[in-house]
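A.B. asks: Next come a sequence and a model predicted from it.
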Amino acid sequence: MIVLQTDRLAISFGGVRAIDGVSLSIAAGQVFSIIGPNGSGKTTLFNLVSGLYTPNAGSIELAGETVTHLAPDQLARRGLSRTFQNLQIFSRMSVLENVMVGRHRHERTGILADLLHWPTVPRQNKATREAALIALDRVGLSDSADRAAGSLAYGALKRLEIARALASEPKVLLLDEPAAGCNPVETEDIDRLIRSLVVDGITVVLVEHDMRLVMNISDRVHVLQSGRTLTEGTPEEVRSNPAVIEAYLGVHGSQEAGRALD
Amino acid sequence: MRALLDTRLLPALAVALIVIALPWFFPSMYYYRIGALVFIFALAVVGLNLLMGFAGQVSLGHAGFLGIGAYAVAIGPTHLGMPSWLSLLAGAAVSGFVAFLVGRPILRLKGHYLAVATLGFGLLIAIVFTNEAGWTGGPDGMSVPRLVLFGWAVKGSDTWYWISGGTCVVGFLLALNLMHSPTGRALQAIHDSEVAAQVLGIDVASKKLAIFIVSAMYASVAGSYLALFNGHVTPEVAGFLRSIELVAMVVLGGMGSIVGSLVGAVVLVVLPQALTMFHEYEQALLGLIVMVFMIFLRRGIVPSLALLVARPRK
C-alpha cells in the first residue's frame, strides 16, 4: 500500500527551480531514503511534503487523501511527523515537556477547561506524561527527563527530536539528517532506532548524508540532483549506478575514482 | 491533600498569604489604596505575561483593553442603565471580541512588526475614547458610578484592597492552571519554535488568538476595577504610556514568571509613591532604578533571583 505519494512536485524560489517535477511513491512500512549532493533540494522536498512550503505545481497524497495545500498542523493530525536538520528544540522546556508537546494531537481539552483545571486536565496531563516517558525511553533519554532541554548534548538533542515526533504516533515519519554530527556509536543507535520504528509499522522517510547508514537500512533510495530526480532504486542499484557516482563526484572525479579502482 | 500541596499552585498561595498578611503592616488607609492599585495592575500584568512571557507575542497596545474595561463600567451604568458588575462582564466580553477581531490579522506578524501593529491598535482605542465625547466625556473623561453589590455600595480603599487582592489571586490561579495544561505547553512550544509546534499538530494561529483573547480579558477586568476604584476615567487609561507601563512591569518582574507579574506591579506602583519626596527628580530616579534593575537582573527580578538562589556561588 502506498502511504505517501508526490506527483510532479515543483517549487521555485526567485526563478530558481528548487524542486522540479519530483514524483515519489512510498510504500507503507518502508525505509525510504532521499539522497543527493548539497543543494540538490532534499530539505526543500521535506518542507513541501510536511506542508511548510506550498508547491507551485504537483500534488501530494497521504494515505490516499490529497493533502497538497494542507497546513503542517493539519498534516500532523493526519499522521505525518518530522524532525529538523537544524534542531528545533523547545529549549525553555524540560526534556520531558518537549516530548509531551508531541502528544498534542492526542490531547482533548479546550482553553476554558485548561484555565479552570477541569478534572479532565490532570487526567490528560497524566496520560500525556506517561506516553511521553515511553517515547523518551525508546530513544534512551529517560534519565534526562527532568533536565532543561537546552542543556543536552547535540546527539541527545537529535534523539529528543525523534522522541518528540514519535510521541505524536505518526504513520509517516520524516527524518532530516538524524545522524548528522553524530559519532559512530550514536549513528549505530539511530540505525537501531529506525529499524525498531519500522517494526512498529511506521514508514520512515530519511534524508541523510551518512551513506553507510543509508545503504544499510533503506528499502528504496531516491537520488536528487539540482531539484530533479536522478534515479531511484534499491541501495544496490543506486550504489552501482554510474550517474549517481558522477553526481556526487563530478565527471572528472568519477573518472579519477574509476582509474583508482582499476 | 497531595493535590492541594501541588507545587503548581504555590505561587498563587504565596500571593494569597501576602494579600492577607500585608494589612497588618499598614499604618494608614493610604497603604490600602497603594495595595489595591498594585493588585489591580498585577492582574493586568499577569494576563499580559501569559501573552508575552509565555507565548512570546508582544503587545504594545494592551492599555486599549484596560480602557475598554474602564469605559464599560462608566458608560454601562451612565448611558445604558446597566448595573456596574454586569457592565464589567460586558466590558470583558467586548474586549475578548475586539481581541478576536484584531488578533487574526495582527498575530500573523512577528517581533517588531507585531509590536508596531499592537501599538497602532492601542492608539486607535485611545483616540476613540477621546473623540466620542457624547459617550465618554472626551478628553476630560467621565465619572464612574460606584460599584453596587447585593444592594451594598462598595467604597473605601480597604474594601477595594480585598476585592482586588482576591481577584488577583483568582487571576493568578487561572494563569497557573493554564501553564500546566495542554494549551500551556502548546503556547510555550510556540514561543521557542513555531515550525516545530506546527509539525507536531499545534494550530499556531488559533492558539495565539486564544491567549490574546484571554490576556485582553484580564486587562479589561483590571481596567474596570481601576475605573470603579478611582471613580473617574479619562482616555489616559488606554494611552500609550499605560501600555508601556504594563510591558515594563512584565519585563521587570520577569517574562513568563507568574510571581514576577506581582513584583513588577509592586515596583512600578510603589516606587513612584516612595520617590515623591525627591520632587522634580522623581521620574529621573525611577528611570534610573528601573535601568539598574534590568542591568543587574536582566531576566527580570524574579527569574534572576531564582537563578541566584539555585546557584549561590560559582
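C.D. replies: Arrived safely, thanks for sending. Numbers count the residues shown, from 1 in each chain, chains lettered A, B, ... in the order given.
A.B. asks: Ramachandran angles for residue B:148?
C.D. replies: phi -120, psi 120 (degrees, to the nearest 10).
A.B. asks: how near is it to residue B:29?
C.D. replies: Counting by C-beta to C-beta, to the nearest Å, the separation of residue B:148 from residue B:29 is 22 Å. Every residue, glycine included, has its C-beta placed from N, CA and C.
A.B. asks: try residue A:96
C.D. replies: 49 Å.
A.B. asks: more neighbours, the two?
C.D. replies: Comparing residue A:96 with residue B:29 by other C-beta atoms under 10 Å in any protein chain shown, the one with more neighbours is residue A:96, at 22 against 11.
A.B. asks: for the stretch 51-200 of chain B, what spans make up the helices?
C.D. replies: Assigned by DSSP state H, counting those that start in this stretch, the helices in the stretch 51-200 of chain B fall at B:63-79, B:84-106, B:111-131, B:133-136, B:157-179, B:182-192, B:194-199.
A.B. asks: ranking the ones you listed by burial, who's on top?
C.D. replies: helix B:63-79 (a mean of 28; mean count of other C-beta atoms under 10 Å in any protein chain shown).
A.B. asks: circling back: using JSON lines, lay out the helices of the stretch 51-200 of chain B together with distance to residue A:64 and mean pLDDT.
C.D. replies: Converted to JSON lines, these look like this (distance: least, C-beta to C-beta, whole Å; pLDDT from 0 to 100):
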{"stretch": "helix B:63-79", "distance to residue A:64": "47", "mean pLDDT": "96"}
{"stretch": "helix B:84-106", "distance to residue A:64": "33", "mean pLDDT": "96"}
{"stretch": "helix B:111-131", "distance to residue A:64": "39", "mean pLDDT": "95"}
{"stretch": "helix B:133-136", "distance to residue A:64": "58", "mean pLDDT": "92"}
{"stretch": "helix B:157-179", "distance to residue A:64": "38", "mean pLDDT": "95"}
{"stretch": "helix B:182-192", "distance to residue A:64": "29", "mean pLDDT": "96"}
{"stretch": "helix B:194-199", "distance to residue A:64": "21", "mean pLDDT": "95"}
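A.B. asks: Which helix or which strand is home to residue A:224?
C.D. replies: strand A:220-225 (DSSP states H and E).
A.B. asks: Mind checking what helix or strand follows that strand in sequence?
C.D. replies: strand A:228-233.
A.B. asks: Distance from the chain centre to that following strand, please.
C.D. replies: 19 Å (C-alpha atoms, centre = their mean, to the nearest Å).
A.B. asks: One more: stretch B:262-274?
C.D. replies: 13 Å.
A.B. asks: can you check stretch B:184-191 too?
C.D. replies: Stretch B:184-191 sits 20 Å away from the centroid of its parent chain (C-alpha atoms, centre = their mean).
A.B. asks: Same check on stretch B:161-179?
C.D. replies: Averaged C-alpha coordinates place stretch B:161-179 at 11 Å from its chain's average position (C-alpha atoms, centre = their mean).
A.B. asks: could I have that stretch exported to PDB, CA atoms only?
C.D. replies: The C-alpha trace of stretch B:161-179 is given here as PDB (Å, rounded to 0.1, in the frame of the first residue of the first chain):
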ATOM      1  CA  TYR B 161      -7.900  46.200  48.700                       C
ATOM      2  CA  TRP B 162      -9.700  42.900  49.500                       C
ATOM      3  CA  ILE B 163     -11.700  42.800  46.200                       C
ATOM      4  CA  SER B 164      -8.700  43.400  44.000                       C
ATOM      5  CA  GLY B 165      -6.400  41.200  46.100                       C
ATOM      6  CA  GLY B 166      -9.000  38.400  45.900                       C
ATOM      7  CA  THR B 167      -9.400  38.800  42.200                       C
ATOM      8  CA  CYS B 168      -5.700  38.900  41.700                       C
ATOM      9  CA  VAL B 169      -5.300  35.600  43.500                       C
ATOM     10  CA  VAL B 170      -8.000  34.100  41.200                       C
ATOM     11  CA  GLY B 171      -6.300  35.600  38.200                       C
ATOM     12  CA  PHE B 172      -3.000  34.000  39.200                       C
ATOM     13  CA  LEU B 173      -4.700  30.700  39.900                       C
ATOM     14  CA  LEU B 174      -6.200  30.600  36.400                       C
ATOM     15  CA  ALA B 175      -2.800  31.600  34.800                       C
ATOM     16  CA  LEU B 176      -1.000  28.800  36.800                       C
ATOM     17  CA  ASN B 177      -3.700  26.300  35.700                       C
ATOM     18  CA  LEU B 178      -3.100  27.300  32.100                       C
ATOM     19  CA  MET B 179       0.600  27.000  32.400                       C
END
